[in-house]
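Student: Could you look at this predicted model? Sequence included:
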Amino acid sequence: MYKILTEIYKDMMIFHVSGSILLPTAIQFQEEIIQIFSEKKMIEAVMDLSQVEKLDNSGLGVLINLSNKYNKQGRIISIYCPSLQVEQLIKDVGIEKFFSIYENEEELRNHTLSDAV
């Protein structure tokens, strides 16, 4: 199971995600992100994955689906500080260039939207 906490910073909505995003909960996770992000008029959603213990291909697929959905609206899905397991999965699947990935808080807090596009 997973937990989501949100934070608004400048023009970003930061989703602090913890726990596991696996096949049984991936669709529910996607629906929650869509509901929360759609209610806000933020340009960028940042997925803080530093506390995600497990992410499988279905969870990764959700992140890709969200990115595709919001890119069509001129909005951005970025990743912040992925855990080692998540980072390895992203590299194994070969999609590390698909997302802007912020490695630390300073990078996240000091970026501009032109960096993320």
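Tutor: Happy to help now that I have it.
Student: so where's the chain uncertain?
Tutor: Where the chain drops to pLDDT under 70, the residues are 112-117.
Student: hey, where'd the helices end up in it?
Tutor: Counting by DSSP state H, the chain has helices at residues 23-39, 57-71, 84-93, 105-110, 113-116.
Student: can I get those in TSV with distance to Ala45 and mean neighbour count?
Tutor: Just so you know, the C-beta spots here come from the backbone N, C-alpha and C atoms, and that holds for glycine as well. Shown next, in TSV, are the helices of the chain (distance: least, Cβ to Cβ, whole Å; neighbours: other Cβ atoms under 10 Å):
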stretch	distance to Ala45	mean neighbour count
helix 23-39	5	15
helix 57-71	7	17
helix 84-93	16	15
helix 105-110	12	12
helix 113-116	11	11
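Student: which one of those helices lies closest to Asp11?
Tutor: Smallest distance to Asp11 across the helices of the chain (Cβ to Cβ): 6.8 Å, for helix 113-116.
Student: if we can go back for a sec, now distance to Asp11 too, for the helices of the chain, in TSV please.
Tutor: Listed next are those as TSV, based on distance: least, Cβ to Cβ, whole Å:
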stretch	distance to Asp11
helix 23-39	13
helix 57-71	13
helix 84-93	24
helix 105-110	12
helix 113-116	7
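Student: Return the list of helices and strands in contact with the longest strand along the chain.
Tutor: Longest strand in the chain by number of residues, with DSSP state E as the criterion: strand 44-55. Judged by 3 or more Cβ pairs under 8 Å, 6 or more residues apart in numbering; DSSP states H and E, the packing partners of strand 44-55 are strand 12-21, helix 57-71, strand 76-80, helix 84-93.
Student: got a list of contacts for that strand?
Tutor: 2, 11-22, 33, 37, 63, 66, 70, 75-83, 85-86, 89, 102, 108, 113, 116 (Cβ atoms under 8 Å, 6 or more residues apart in numbering).
Student: Sweet, I'm off.
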